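Participant: sequence-free structure coming up:
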């Protein structure tokens, strides 16, 4: 597929070069490379390495320019957006890496196939106080343990609130007394 500029000439962008205003681009990662990369970043962040440093180290090891550019763009989004506090839990599923940010009270998502990042858990319904743990099931539902609110919050793959299980009401989240 060859992109067409406003002038109608195939492959010529606004600046006159073939690379300007590209609408379609080849994937930076194959499916196997994507799975490996998501596991690598999940492992680095869950071992305590800061998210920005994990992305920097992976961009230095990327074998192709397209991969380095993609990782650099993700790193720029992390650095350019709201500050990323403390990553406590990481999960990976279907080309997405989910990272819980306990200080930012949100879940940060790297969506590699679509080359974008987004976050959720900030809206009134499903608002997180301290996301401590998270996992993703085979259907893409994201389960987040909210430690301060003592509940389990369930979101869909896009970060839309689905439901919650209140630990206090169900008697499952009780503090033990006398234990240290």
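Facilitator: Nice, I can see it. Quick caveat: nothing in here was measured; it's all calculated off a predicted structure.

Participant: Wait, a helix at residue 108?
Facilitator: No. Counting by DSSP: H, G, I helix; E, B strand; the rest coil, residue 108 is not found in a helix; it is strand.

Participant: does it have beta-bridge partners, and which?
Facilitator: Beta-bridge partners for residue 108, by DSSP bridges, are residue 99, residue 119.

Participant: quick one: pLDDT of the most centrally placed residue in the chain?
Facilitator: Nearest to the geometric centre of the chain sits residue 109, at 1.6 Å (C-alpha atoms, centre = their mean). Here the pLDDT value assigned to residue 109 is 89.

Participant: from memory it sits against residue 93, does it?
Facilitator: No. Contact status for residue 109 versus residue 93: not in contact, 10.2 Å apart, counting by C-beta atoms under 8 Å. (Glycine included, C-beta is placed from N, CA and C.)

Participant: quick revisit: how near is the residue nearest to the centre of the chain to residue 149?
Facilitator: Distance, residue 109 to residue 149, using C-beta to C-beta, to the nearest Å: 21 Å.

Participant: what's the answer for residue 130, then?
Facilitator: 8 Å.

Participant: ditto for residue 100
Facilitator: Counting by C-beta to C-beta - residue 100 and residue 149 are separated by 14 Å.
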